[in-house]
Structure formats: C-alpha cells, structure tokens
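Participant: just a sequence and a predicted model for now, questions to come.
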Amino acid sequence: MLAAETGPIAFPILTALILVPAIGSLLVALLPKSRPELPKLVALLASVGTLAMSIWLMASFDTGDSGFQFVSKHTWIEAWGISWHLGVDGISLFLIVLTGLLFPLVIVGIDPHHDEKPYLAWLLLLQAGVMGSFLSLDLFVFFIFFEIVLVPMYFLIAGWGYEKRVYAATKFFLFTMLGSAFMLVGLIATVAIASKDLGYTTFDLVEIAEGADFAASTGRWLFFAFAIAFAVKVPLVPVHTWLPDAHTQAPTAGSVVLAGVMLKLGTYGLLRFGLYLFPEASFWSRPLWLTLAVVGIIYGAIAATMQTDLKRLVAYSSVAHMGFIVLGTFAFTTQSLAGGVLQMINHGVSTGALFLLVGMIYERRHTRSIAELNGIQKVAPIFAAGFMVVMLSSIGVPGLNGFVGEFLILTGSFLTARWWTVVAALGVILAALYLLWAYQRVFHGEPDEDNKDFPELKVKEGLVLLPFLGLIVFMGIYPKPVLDRIEPAIDALITRVEEYTDFVEPEPTVEIGEHGGTEEHGDEEPAEGDEEGDG
Amino acid sequence: MLQQLDTFVGPEIGWFALSPMLTLLGGTLVLMLLGALTPKWPKGLYALATATIAGAAGVLAMVQWDDITDNGTTTLVGGAIAYDTLSMFLTITICIGVILVALVSDEYLRGTPNDGPEVYALYLVAAIGGIVMASANDLIVLFLGLETLSLALYVLAASNRRSSESAESGIKYFVLGGFASAFFLYGIALVYGATGTTNISEMVSALRGGVDPFGNEALALAGIALLIVGLGFKVAAVPFHVWTPDVYQGAPTPVTSFMASVGKAAAFAAMLRVLVIGLPFYRDDWRPIIWGLALVTLVVGSSLAIVQSNVKRMLAYSSISHAGFILVGVEAAAHGAGEADPGPGMPAVVLYLILYAVLVIGSFAIVTVVARNSGGDTSLDAFKGLARRRPMLALAFTVFLLAQAGVPFTSGFIAKFGVIQAAVEVDSYAIAIIAMVVAVIAAFMYLRIMVTMWTADPADGAQPIVVPVSIGVAIVAAVAFTLVVGVVPGWLIDAADTVTAYAR
Amino acid sequence: MIAAVGTTSYLLLAAALFAIGAFGLLVRRNPLIMFMCIELMLNAANLTFVALATQLDDINGQTAVFFVMVVAAAEVVVGLGILVSILRRRPGATADDLAELKG
Amino acid sequence: MADLVWLIPAFPLAGFLLILLFGRRLGDPVAGYLATTMVFASFVSAVLVYFDLQSMPTEDRETVVTLFSWVPVGTFQVDLAFLADPLSITMCLFVTGIGGLIHMFAVGYMHGDAKFSKFFLYLNLFVFSMTLLVLGENLLVTFLGWEGVGTCSYLLIAFWHTRESAATAGKKAFVTNRVGDWGVMLAMFLAFSAVGSLSYSVLNESAETGELAASTASAIALLLLIGATGKSAQLPLYLWLPDAMEGPTPVSALIHAATMVTGGVFLLTRINPVIAVSYDWVPTTIAWIGAITALFAATIALAQNDIKKVLAYSTVSQIGYMMLAVGTGGYVAAIFHMVTHAAFKALMFLGAGSVIHGMHEEQDMRKMGALRKFMPITAGTFIIGWLAIAGVPPFSGFWSKDEILLFALADSTPLYVLGIITAILTAFYMTRQVIMVFFGEARWTSLANDDEAPEVADGEEPAETHNAHGEFKPHESPPIMWIPLVVLAGLAAVGGLLNLPKLFGIPNGISYELEHWLEPVIEFGEADISATWAYDNKYVLVAIAVAAALSGIALAWLVYQKKRIKPWEPSVFANGWYYDAAVSWFMGKPGREGFQLVTDFDAKIVDGAVNGVGVAVTATATEARKGQTGYVRQYAGIIGIGVVLLLGWFVVIRGLL
Amino acid sequence: MSDTTFLEYVVFFSAAIMILGGAVGVIALKNPVHAALGLVLTLFGVAVQFVAMEAHFLAAVQVIVYAGAIVVLFLFVIMLLGVDESIDLSIEPIPIQRPLAAVMGIGLLGLLAAAIVRAEDAVLINPGNGIDTAGETGNGDANIQQLAANLYGDHVFAFQLTSVLLIVAVAGTVLLTRKWPRRAASSDTDDRSSDA
C-alpha cells in the first residue's frame, strides 16, 4: 500500500513522532487491569521518548534552511491523490518541541484521581493527533489529524472534567466540528480546482501551493472556508465562547494542553493554509483579521477582568493573547510574523503554566472562585512566587518570554497596521490590570480560615513547574536561537505573499546623511499600510 | 409479426453469472427442506449455515468480479440482469450484511419459537431480492426483486410474536410498503407507456433517440415522479421516511440492522439503476428533486434524531440522515449520468453503502447485546455506565458512533469524504456544505449516547453484560473493518471506482 | 379495435381507480379494507399496463400484468398473515389503534 | 576600563541571584550586608568607569559594550548593550551610591522583619533594573530596566501584602506605570518605523542630521513624555506615588525619591536631540506639565499630616521642576537638580524612616513634635535636608533650583512665576513639617492613647500599636541607620559644588563642572540662554529665589511655631484636589460597569446566541417530532402529499410549462 | 358510427361504471364484507376491460386469481377474525386526515390526468417495439402464445423470480403462524423482554 519514496534521512523521525505516542496510547489501553502501576510507566516512556525525539529534531534542524526538512512522503490513498507527507520548517519546529515537552510534564505532574488508564491513553492519543496536525504537509492528512484531536480532548473533558463538563465538552466538540465542516468542503474544493491547474488530483500542500494558481475570487472563497475552522480554533471573537467553558471545565491536563498546543492549531493553520496556500486572499482580507484580532485582544482582556472564576479568567486572557498572534500573522512583516510564531510558544508555556498553577490551587482548595481565595502568599510564598513569575510573563514584562513575542508582533504590525497596533497595545495595560487584580485578590491580604493552611508547593510540583519557569526566563533573555530558526521560514512566507500581491514589506532604515530617506521609510510606508487597512 | 413457437428459443442464461443468486436460492431451499425434515439443529448451526451460504455467494461474486474486469460487462437472460461490477459490489455488500446479521440473530433467536430455519431462509431470500434490485436491467425485474425483499422484511419485522411493537411495525411497514410499491408500479407503467419498454437498456436507447418532446414527455415525467416515490420510500428519504423510525424501533433488532444495511444498499443500488443508468436523459428533471430530497432528509433525519430517547430510534433517524448523505452522492452522480465518465458520484454512493452497512449492523449488534441484558429495554438509560460494565463493548460502540459521526481514521469518515468530494467535484457546494453542517447536528446525538455510556453511572441493579460468542465475533469483525478501512481505504476506493463502467 | 374508445380513456379510468384506491387507504381505518385499497391501486396499474400494451401493440405490458398479479397474490398472503397474527391478539383493532410507536 | 561598565549591573544581579538561592539561609542581617556590599561594589565600578571616561577626550567619552544580540529579527536588531557615557555614568553614580547608603540604612530599618532577605532580594533586583535603565544603549534595554524597576516597585510597595492598602497601592503603581509604558512602547514602534533601529545613537544622530521628520520626532517625544509622566509621577499619572508610601520607608527613599522616579526625566534627557528637532510646542508642553505639577503637588503637600505623604508630594513637585527644566532646554539643570534632589530627598525620607522607627511605626506628624531632643542626629541631618530643599544658600538645592528657574525665565515668564510660587510653597510646607516633627511640644505623650489616629492607624502592626501607646520614649536609631543619614546630609549640603554658576567670582576651574561633563550628551538639545535678559540679570534671580525661600520659611515659622497666624489647610489640598478620588470613582463606577457590561454581553448575547442555536434546533425538533403521530394512515397521507408535490414538479413545472 | 364502435362504448362505460362503482364501494361501505364485494365488482370490471382490449388470458387470470382467490382470502380472513362489525365512517379521529386525503386524491387524479391527456396524441403515434399483442389476429390463442413466448423468453428470469417470491410467502406464513407459548402476564415490558 505505502509505496515508499526515499526521504532525506533514513529514520522516519516525523512518522515516529506521531506513531510513538499513538502506539503508547494503544498499549496503555490494552494493559491489564491487574497491573495498575504499569499504565503511568508506559505512558511516561512513550511521551518522554517523543520528547527526546523532538529535541533531537530541534538539535539537528538546519537553521538557515527556509524549506521543509526531514520530509517523508509516501503514497497513501492513490485513488484520491493522498500521500502521507510530513515535514518540518521553522514555523512548526518549536510547536512540535512544545508538544513533546508539555505532555510528559502533564503526565507526571497531574493526577487524574480516577480511571488513570483511559485517561493516559486519551492523553497520548491527543499528543499523536496534535503532532500529526503540526507535521502534515498534505491537506487530507492535516484535516484528519486536525479533526481527530477533538475525540481525545472531548473524552478528557467529559470524563475527567468538573461540574459542567459534559456541556463544555459537547460545546467544544460541536463548535470545532462546525468549523471543520466548512474547512473540509473548502479543502476538497481547493484540490478539485487545483487539479485543473495541475492536471492531476493531489492533496499535497506543497504541490498545490507551488503548482496551482487560484483566481482571486476563488482563492478568497476557499481561504474563508479554511479560515472559519481556524478562527474557531484560535479562537477569535465572536466564535470564542466554547473556549472559556472548555478551559474551565477541563481537567488541568486538558486545560494545559488545550492552551498549550491545541489553540495553536488555529494560528498555525492560518499561517500554513492561509498565508502559504492563499497569499492573495489572506492579504486581501487582512483588515477583517486585524480588526477581529484587535477586538479579541481588548474584548478578551475586558471579559477576563470581570471574571469571578480564576480558570475562566485565564481562559479569557488566552483569547486576548491569541488575538496578538493573529494580529502579527496578518500584519505581514518579518517581525510581526516571527513574533507571532514565537508568541505561540510563549503563550503555550506561560498560559500552560498558569493553568497548571490554577490546577494546583484547585487541588488544594477545590474551588476556582477568586472570592473564596485570599492571602495565599502569606502561607505559601514559594507557590506565590512561582505564580508571580508566570503571571509577569503573561503580562509581558520585559526579560520574560511573554514580552519578546508581544513586542515583536506590535513592532512589526506598527509598520503595516499602525492604528490597529495602537489599540492593540492598550491590551498590554489591561493584561496588567486583570492579572494583578486577580493576583491581589487571591494571594495578597490575610488568609482566612479556609486558606490559612494552604499547602506550600510540593517538590514534585516544583519539578514540573521548573521547566516552565526556565523557559519563561530563557526565552525572555535569549530568544535568538529560536528566532534564528523561525526567521527563514517567515521570510519565505512573506516573499510568497509579495509574489502574489502588490504588497511590499516595509524595511525601515535610515542612511544618515542622505536626506528624505527617513521620510519615505518612516512615515509614508505605514501610512500606506493604513490605507490598505482601511480600504 | 407472430413468432413461431416451434422456432422458439429461450434466451441464453448465464448460469455461472447468476451463481451468487443461485447459491443463495439453493441454500435457502436446502435450509428450509432440511430444517423442515430434521429435528432442531444444534446451537448456532442455522446461523453458521446461513453465513456459509452467503459467504459462498460473496466469494462467487468476487470471482465474477475478476471475470468482469477481464471480459467486460454484459446483460443476462434477455437483458433482464446487468452483469457488471456495480451489481457485484452490491452483491458482496449484501452478502457481508447477511453474514453479520445471521451471526447477530443467532443468540437473539435462541430460545424463541423462531429459532428455526425460516428466519434465516428469509434473510437469504431477501438477499436475493436485494441483489436482483441491484443488478436488475429491467424495471419489472427490479419491481419483483423489490417485492421479494420487501415481503421478506415485512414478515421479519413482524416475526417477534410476543412483542406488540414488532407486530405494529410489521403492519405499518406492510401497509405503507404496499402503498409505495403501488406508486412504483404505476410509475413503471407510465414510463413503459412513454418508452414502449420496461428494459432499462432499451429505455436508454429509446430515449436517446428522444421521445417527441410534447406527449410522452409528460407521461415519462409522471412516471419518473412515481418511480422516485417508490425508491424514496425504500431508501427512507424525507418525506417518504415516515415508516422508518417506527419500523426500525419495533422490529427485532437484528432485523432492523438487516433493513438498515441490506435494505438500504439494495434500494440505493436500484435508485442508481433506474435514475442514473436508466434515465440519464431526464437528469435535469430529476436532479433538483434528488437535491431537495437530500436536503430535507439530512435536516429532518439529524434534527429529529437529537430529541429521541430510545437508542434504536436514534439510530433509525441517524440512518435517515445517512440516507440524506448518500442522496448527496446520488445528486453528484446525476451530474454525470449517461456520460462516458459518470464522475465520482456512483463510486461514492456504493462506497458509502458498504461502509455504512457494516457500521450499522455493528451498532445494532451492540444494541442487541445491551437489550438482552436490560430486559429488552433499548432506551438511553439502558446504556448508562456501559463503560463501567463492559468497557470493550462501550469502546466498540464508541467506534461505531464516531464512525457514523464521520470522525477520521474510521470508515465513516472515508464514506462521508467520498460523497462530499463527489458533490464538490461537480460544484454542488451548497448541498455539500449543508450536509457537513447537518452532520454536526447529528454528531450531537452520537455524543449523547457516548456520554451516557462513559460518564453516567450504571443504573443500580444492572447485572453484568454477557456478550455471546457469535455476536462478539460479528462486533469484532465490524470494528476491525471500520478501523482498517479508516486507515487503508485505498483498495476499497479502487474497487468502488470501477462501478462507473456499468453494463449499458 | 379499441381505436374508438381510445387509450386515453382507459388511462384516465385507471388514474381515477388509482386515486380512489389511494384516497381509500387514507380514510379507512380497517386494515383489511386498506389492503383492498392497495389492491385497487395495483389493478389501476394493471389496467394502465394493458391499455398501453394494446396501444403500443407490445406484449411486454401484458406480461408485466401477469407478474403483478403474482406479486399481488403473494402480498395479500403475507399481509393477511401479519394481520391475522395481530388481530388474534387484539381483536377488532383498527389501524389507528396500532400507534404505540411514534415521535 | 570603561568596557567593564557591565560590572555595574552585574553586581546587583549577582546579589539578587545569591539571595534568591541562599537568602533564607543567610537571613537577617547577613543577606542585608551582602546586598549592600553588592551595590557598593557596583558603585565602585561606576566610579572606575567615571574616571576612565574622565581620562578620555571629551568627544569620544562614549563606550558601547554589547553583551549579546537580544531580539534579532530581519531589520529589527536589538542587542543587550550598555552605553557608558557621561549621562549614564552620572546616573549610575548616584543611583548606586545613594542606593548603597539606603541599603545600609535598610539593614537596620528592616531588622526583625520576617521577610528580611526577600526585601533585599527585591532591592538588589531593583538596583539591577535601574542600572539597566540608565545604561541601556537602546530604547529596548532601557525599557527592560524601565519595566523592571516598575515591577520591583510593585513588589516593594506591596511588600507588606497582608495589608490591603499596600497590595492595592502596589497594583495601582504598576497599572498606572503601564499606562505610561504604553506610550513608551508606541514611541519605540514609531522610532523603529522611522529609523529602523532603537539604539539611541541612531535615533539621536538621525535627529541631529535632520533625517528625522519633525512630525515623527514630535510624536516620539510626546509618547515618551506619556511614559515619563507615568514613571516620574507627573500629571496626569502621578497618582500612584503618594499611595506608594505604603511601602517600607527605605523603598520610598530609594525608588520614590532618589532613583526610579527620575527615570522619566532621564529618558527625555537621553533623547534630547529628538525633542530639539520636534515642533516647538512639544518642549513647551513638557515644561508646562512640569511647572503645573510642581505647583499642584506643592499645594497638596501643604495640608498633609503623614510625614511620608508630605515628602511624597514634595517629590512629585521637585520632579516637576526637573521636567520644567527639560522642557525649557535646561538639561544640565535637570540632571543637576536630579542629583541634588536625590541626595536631600533620600536623606529626608531616611530621616522620616528613622523617625518612624523611633516612634514605633508612627507616621502621623500630629502625634510628633519636639523630637530633636530624642533623636538629635536624625533631626540635625533632616534639617540640613530641609534647608537644601527649601533652597537656602549655600545648600545644594539652592543652586540646582536656581539654575532651573533661570532657564524657566529665559523661556517664558509665566513658567518662572509658577516656579517661584512653588519655591515659596516648598519652603513653607517643608518648614511646617520640620516644626511639626522636631520642634514644638511633644504631642505623642498626650495623644499616645487616643484613637483619632487617622488612616495610618489601620496599617499598624498590632504589636507595634501596643508599643506606641502608653509610656514610651522615642529613641535615636542605631548607627547603621544614622551613618547613611550623615553621609547624605554631607552630600545635600555640598552638592551644589557639582555645578556652581559663575557668580560671586567663583573661578572657572570649579564652575559648571557638571555642564562640561555632560556636554557631549546634551549639547544638541541644551538651550543657549546666554543672550537672554534672564542670563544677564542672574543676581536678581538669585535675590528673588533667596527671598522666596526665606519668606516661605518665615511664614511657616509664624504659623506653626509662633502660632501667630492660624494654619490654613483647606481640605481641597488635603485631598489632593480630589483628583485621585475622581479617578478612583471613575475606575470604580463607570469604568467597572462598562467592563461588566461587556462581560454580560459576552455571556448573554454572544454565548447566548450559541446556546440559542442549540435550543432552537432542539425546540423545533421537539415540535416536528409531534408530526410523527404513529398513525399509519397519516404516514400514508404524508407520503401522498410528497407524491403530489413530486408529480407537481415533474408534470406541471417540467412537463407542461 | 358503426354498432361495433357503439358496442365498444357501451362495454367501456359499463365496465368503467362497474370499476369505479366497486372502488367507491370499497372505500365507502362500512361493512368489510360489502367492501370486499365492491372489490369483486371492480375486479370484474377490470377483467371486462381486459377482454375489451383483447387481453383474454389476463382477463381469465384476473377473474380466477383475483376474484377467485384473493377476494375469497379476504372474506375468509374477515370471517375468521370476525372483524365484520362495521366502523362508523362519519367520525375521523385524526383531525386533518380527511382534508389531507382529499388533497392527495384530487391532486393525484388531476396531475395524472393532466399527464395522460397531454400524452394522448403522442401515445398514438409512438410505435411499440418487441413482440406485438397479437390482438387483431383471428386466432384466439395468438395472444396466449405471444404471452408465453415473452414470458419464457425475455422475462424468464422474472418468471423464475416469482417462484422466489412465493418461497417468501410460504416461509413467511410458516413463521407468522407458528404457535408461540403464551407467557403469563404479557405486559408491555414483558412483550419487549422477548426482544432479548
């Protein structure tokens, strides 16, 4: 069935990245009830193995190369022109590493309390699905992975979640599925139309992107079919309401993974299947996206401010943060796009950590209500300190990872979407407002009866938290290695957009001594950006 | 002119080509005779025999598949039967259906007076009827096949004499079925009037010349309308679906699965035969109707499914919405009807049929098992906490439900993908999008069942569930098929693609 | 020889018969009579077949009628079988009494 | 040598890390000593760098030390780099120097506090950030320090976080600063889009060579001004500073008097070429904001009873002077006043701290008085600070303030008038404070055990309250606390030497030292006032200034010491013109309601719509369900209708039509 | 007009009246027995029309099979079950049923009639293909011969298929008439329990 073609490297590392957790999940599911200690062990092995491979991947990734690496391509369903086509580039690389990192931590750090076996099985399956979505370079393969992740996540929420878990899980499933409904049709249409240009039917992303040339109007329709699915996944206002419920009701592991990597499927999709596949359409529609993004930033922040449920607050903060990423994506400058990709990682780390901490609070107090928590810093200073650092990173304090991404996004966006950026920057103020306010209410003050013996951070929890903190600081101080790997892919993307549109990326520089130069670069260019934006 | 009797020569009968049907027929007779003459057979032997017979027929069909791919298609017995991969594909589908249903029925019938050869004989005969429908090249033959299948189903539906619901479903099915087939017959008559023949091939050639636009046009059109009514009834397309929920719920569960698999497959095959193959020159007339039927079927089926509280009934409505999906495929096929390359419509339809057949039998098999232990209760409550009582059973049901919802890595996704792709390739974007959106509504119902199984706690006093071997085998086989096809569907797709080369 | 009356008249007659049969099935509650209505409809079809056969001077129509009669016979047998099996349990039941399954 | 500039931040960072790791083990007071040493170490390295720069020729007194490339993306290349030039080193010197002294003081002051080591952890982190702020080679590094100090100030203000007021004050400080940071960030974006770099050298050079369009320059300057008003507590964003007094006194001294709050002024000075090339009304705006803030805060200070609040408002007012100087192009004057102010304000804060310490956490001046007998050193040093800030020659404040007023007059008379009035008020309220605290009769005995103790009371630690009441004697603070006082007093006294004007025949050799020193940095932006009337009549100005100071003092003396005149402390002053109240009300009422509105919209409308769809579908289905009546005849009817419709389509629409 | 033509009209209309009258009787008569008799009338009428159209064999079969067998079967069942008590037709439990029926009946008739009338002339000119009905030949057996030839010729498959159909009927009746041991207390749940 699988007519193998020789990939660049012998060992199909990418396929392994998907299969190892998948097989692990299968094993866990098949383990006998009589050996309750085994599942965790197996799950851990599988996830750590995946982590090891993803790190190896990062290590042997060719920094300068803008194309796809470690490509492996095999014919899968010949009749439909579908091939098992995987590849990594600067955009997906770190998302994969993040996926590899989050799951072992979650598996170690969080105790499901009941039915550990299925829990771990679903978790590993989820990892496989997420990996697949990030790796696949074939529309069909991407779609099936994009779609399959719903199932484990659905069961995780519905099976191990909180009070309204079934409602939340169902909402999550249906909402996302509705989005993908349009995507599936658009995807098939893309292939059908592309086959006219190519002369043969293929679902291969690269071949379509290179070979097919969509008429403007067609491309726009197709793009929107895709974009709806991603907009739901990101999520963008107004299709975001599944997120607060899902996040709030999901078990900690679910929330961490959801915020950490699954939301990125949306933004990643916008990059890979929006900008890359439909450059013209995505550029044409940028005012819409920029506006939605900015609305999301402000709206999410405001909503977060007024939440009474700590987890819900973090969820809404996610809406705001993801808004930044979308803003960066549709600003079409190297800085904003690189910042966007970087921010995907950063948001994954900091918000993931936030959910982890909120989960720990719930473990201890069995409440998420801000009103019922107070004075924790007095009784658990180390825990509070950890929370503080993560919170500051989420606020975007320089020196921590959150800042670098946000700043790059805004700097880049300012060149082409000046006024959107000005408004978006307000989100930075609001972020401080809602997080600090929540922090004050939860951690400051004198602890009352219920909170006065709030247990301090345990060693195990600390160990789980440590990688997060490490990344938060490291990525804040020395993001260069990451950026260096991201940039080539981004440049290629922008070049592609420039090919298909009259867009020219503004590259502000000033040659001292030559007059007038600054004028153009400094003022005219962004001004144009505005006009395009308004028009 | 008069034909001289002494010079009369009967048509050439391709015995080998008919062997699947003959095998089934012979099997039926043997089963009935031996069954009647010998005392009660030991446990499960009837089912085994039935499965063997059907299996043999299926194998023969595969053999003929080769023959067809080598020597091309033709028509048999004076053009009454089409000998092409379409019929073979459906023959195989139906045989698989019979095998699985037989396995499921065994335990179900055990201990009831029905635990004799008759039920199985009826399965086999119904299968013959279905195969005839699928391969008929003559409207009369098709009608006879349809009646054979229907009558068998009427009886089977009413076969559980201790259940008033079974009886009710039987009578309802019978009255409405008779009503519908009367329309169908009248439609045949009118088409006959317009084209001067009931033979599909001749019909096509007669129409290719083009009946004069004024007169027979009207007659033919009226006929087509009534034909669509008859077929629409069989495939349970809204508004001709009204019987489905009641009958599916009332009939003995294995029979329900038989209706939903074999019945639907045969009916859709007949639809392809009559409309796509037989009436391509009227495609612009009937395609909009199919479009409309698909739309209402999808919407009504899915949205009514989510408010049900009885799993059997839910599955009934879900089968209606699946019919809607298949109609989308038929609509796609309509675009290319009569062309040298009819396009992806027909393959998509037959692919959907075989995949759905297995799915639905598997689902109902699980319902059978659960009902066995809940005193026949098939309401949602009976499924509470199934995951606690029998995790693997719950897992299997989950697989089937997810597949029906069209989740990737299951055959259900391949099926849906096929029809949607077919629709999109002929630019029927609207119906494709509607279908996908409606699928979301339907998904809600599947989720409801899953939630009940996985998150609810078993009703107190729920005794452990015993899964009989035969049913277990059927379920495992179905699950395996569902997943395997979900991952490596290529071979099946290739097979389905050949049906476009039907006998003309 | 039927030139005088004309096929159309026969067809119209058949159509009328068909319509009456269909109408009857909707208005009568007694299942037996509903069966009869189905028979009426089948006969209408037969009439049409024969008329058209004569019209087209083509025997196939008549053959079809032959088959239809067999079908009708079988149908009645089975139908009455089912009906008997029900009415034995609940004598005097009308079609409307059999409405446990709904929704 | 100057390449070792990175040592300046390195030491505090090291201190921070060490305390982070071993703080609990080191404990009280070792951690404090460690921190202090680190800060002094970085002071020493600053001094070394200073002398190194001194040794260089004036024009190339500028060394850039790049550690590593921080955020490199495409044309956007930002290094983590330090700029050692006269301005940054000047800042470093007094930041680390005074910072060190304050650390030292804090060792004594914080003695016995449960979170002793954490306090110094934060302090070191703060000094580190502050040095980053001043040493930054580009806007982003400065911003790193900028936000860093903001965060530390948040942590330190909310240090006693179990106190509601403290926590709130910390949050308020951070958020208010964020508003300013918004401006700074936009300024950076604009700068990048204009000159493609964030480094000061490029930005300033582009301004000097005229590359930078006046429009862009003005925008950048104004946006940075927003940031400055936030960080330097100017109108309209000064709100957080008075509340910040919730923090431990050394914090107030270090952050909210000496160092952080001068960040805004520093930043504007740093980019003085940009201001210079922007539209004329931009510097004017800066000047007016400064002048108005100065007067505004001074009036409020008149009516404060909390010993620290007075100082807080006076700080706001003094920084107003600096802004005034910046706006009028007197950058040297601004820096000069910044330095002197750092000295004497830190002194006074520490003095206040010492008093509070001696009074067992009592902050209400109405419960003090006659303390000079009990804590002579504190009193003595405080009085020097008082004379300095009041502008009495020859103390440092006199010189720097005089310089500013000179520039103000050179620019426009109204500004000068405002300045003078502020000067009078300053002298007045400082005198009032000195009298209330150190002179008059001792009110702490009489008032010791009554409960009209105002707002501070709720802040008091229960144990301390117990102490405060009943019989107790205020006591002088331990040496570790008064030594810094003495040193600072010395600085406050002689600080003027830094930049003596050419008056009273002061020889060239020692006049305008600071100006010469800073020249390479500020020469482009520095206003040339040599031609103005004011410049020619310096003596008059000096006379007026001195007169103003003395009159203020005299007036206060009559009112509070001699009780000749009834004190006039209108509540509008006491309540800071109700500005804070108004803002808080706005945030609390309409603002909050607006937010709530949006949130409800989200829950009810948006989510409601989503759930609504579900409900709608289910409802319709439940209705449609009833159509399935179970009556076989009705089913037949439905089928029949279907038949008719189909026939209609085929026969009528497709056939007949 | 010649008398043959006249005769034809007489035959046609009388038969038509029999048919419709009988049909109306079926749906209008309360008593099932009467209804069955109405059915007989209709069937005879149809047979007459068959004769008129020279389909002698079919006419014979019509009388034998239908009138002879089927109706008798009906009557037999009626007697067996004693369901001959008449149901009052004036009341209609399902509200909109009658209007529904009327709409459908009239619509059906109207639309079919429209199609037929429109088709009229076309039908006349459309030449049949295949074997002719051999109506006009004097030879009375011709029709039967042709039918036989056609039956065992092109339609032999269908012909054989009818046997399968009969097998269904047999097996079905066996199944439906088998005796089931009565259960005690056949409540509804009990009914379903045998579902398992």
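Facilitator: Structure's in. What do you need?

Participant: going forward, measure contacts and count neighbours with C-alpha atoms only.
Facilitator: Noted.

Participant: now E:V71: which helix or strand?
Facilitator: In the assignment (DSSP states H and E), E:V71 maps to helix E:71-81.

Participant: spell out whether that helix and chain C are in contact.
Facilitator: Yes - legend: contact between helix E:71-81 and chain C by CA under 8 Å from any CA of the partner chain is shown at E:F74, E:V77, E:I78, E:L81.

Participant: looking at those residues, which is nearest D:K118?
Facilitator: Nearest to D:K118 among those: E:L81, at 98.3 Å, using CA to CA.

Participant: neighbours around the closest one, how many?
Facilitator: E:L81: 15 surrounding residues under other CA atoms under 10 Å in any protein chain shown.

Participant: let me see the contact set for residue 18.
Facilitator: You didn't pick a chain, so chain A it is. A:I18 makes contact with A:Q127, A:A128, A:G129, A:M131, A:G132, according to CA atoms under 8 Å, 6 or more residues apart in numbering or on different chains.

Participant: not quite, I wanted chain C
Facilitator: Taking CA under 8 Å, 6+ apart, we find C:F18 in contact with C:L40, C:M41, C:L42, C:N43, C:A44, C:A45, E:L109.

Participant: now, which of those lie close to chain B?
Facilitator: Restricting these to those near chain B - CA under 8 Å from any CA - leaves C:M41, C:L42, C:A44, C:A45.

Participant: pLDDT score for A:V20?
Facilitator: Confidence at A:V20, expressed as pLDDT, is 93.

Participant: can you confirm it is in a helix?
Facilitator: Yes - under DSSP: H, G, I helix; E, B strand; the rest coil, A:V20 falls within a helix.

Participant: list the contacts for it?
Facilitator: Here A:V20 is in contact with A:A46, A:S47, A:G49, A:T50, A:A128 (CA under 8 Å, 6+ apart).

Participant: now the residue in the stretch 501-650 of chain D positioned nearest to chain C: how far from B:D377?
Facilitator: Relative to chain C, the nearest point of the stretch 501-650 of chain D is D:G630 (4.3 Å; CA to the nearest CA). For D:G630, the distance to B:D377 (CA to CA, to the nearest Å) stands at 20 Å.

Participant: okay, and which of the contacts of A:I18 map to helices?
Facilitator: When those are checked against helices (DSSP state H), the matches are A:Q127, A:A128, A:G129, A:M131, A:G132.

Participant: now residue 104: which helix or strand?
Facilitator: Reading this off chain A. Taking DSSP H and E as the criterion, A:P104 maps to helix A:90-109.

Participant: nope, chain E please
Facilitator: Residue-wise, E:M104 maps onto helix E:97-125 under DSSP H and E.

Participant: is the helix ranked longest in chain A anywhere near chain B?
Facilitator: Criterion DSSP H: the longest helix present in chain A is helix A:165-198. Yes - if you take CA under 8 Å from any CA as the test, helix A:165-198 does meet chain B, through A:V166, A:T170, A:L174, A:M177, A:L178, A:A181, A:F182, A:V185, A:I188, A:A189, A:A192.

Participant: got a markdown table for these, with pLDDT and neighbour count too?
Facilitator: As requested, the residues of helix A:165-198 next to chain B are exported to a markdown table (pLDDT from 0 to 100; neighbours: other CA atoms under 10 Å in any protein chain shown):
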| residue | pLDDT | neighbour count |
| --- | --- | --- |
| A:V166 | 90 | 24 |
| A:T170 | 92 | 22 |
| A:L174 | 91 | 22 |
| A:M177 | 91 | 25 |
| A:L178 | 91 | 20 |
| A:A181 | 91 | 26 |
| A:F182 | 92 | 22 |
| A:V185 | 93 | 25 |
| A:I188 | 93 | 22 |
| A:A189 | 93 | 24 |
| A:A192 | 91 | 22 |
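
Participant: picking that back up, so which elements touch the helix holding E:V71?
Facilitator: Packing partners of helix E:71-81 (3 or more CA pairs under 8 Å, 6 or more residues apart in numbering or on different chains; DSSP states H and E): helix C:60-89, helix E:32-52.

Participant: name the next helix or strand downstream of the last one, please.
Facilitator: Sequence-wise, the next helix or strand downstream of helix E:32-52 (DSSP H and E) is helix E:56-61.

Participant: could you dump the ones in helices among the contacts of A:I18 to CSV with neighbour count and distance to B:D84?
Facilitator: CSV is the format used below for the ones in helices among the contacts of A:I18 (neighbours: other CA atoms under 10 Å in any protein chain shown; distance: CA to CA, whole Å):
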residue, neighbour count, distance to B:D84
A:Q127, 31, 46
A:A128, 29, 42
A:G129, 27, 41
A:M131, 28, 44
A:G132, 26, 40
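
Participant: among the residues you listed, which one sits closest to D:V644?
Facilitator: For these, the nearest to D:V644 is A:G129 (50.5 Å; CA to CA).

Participant: which residues touch that closest one?
Facilitator: Contacts for A:G129 (CA under 8 Å, 6+ apart) come out as A:I18, A:F145, A:F146, A:I148, A:V149.

Participant: ok, it to A:I144 distance?
Facilitator: Taking CA to CA, one finds A:G129 at 9 Å from A:I144.

Participant: low-scoring stretches of the chain, by residue?
Facilitator: I'll assume chain A. Residue ranges of chain A with pLDDT under 70: A:1-10, A:510-535.

Participant: oops, wrong one, chain D.
Facilitator: Looking at chain D by pLDDT under 70, you get D:1, D:445-472.

Participant: ok, back up a step: just the ones in helices from the contacts of A:V20, please.
Facilitator: Short answer: the contacts of A:V20 in helices (DSSP H) are A:A46, A:S47, A:G49, A:T50, A:A128.
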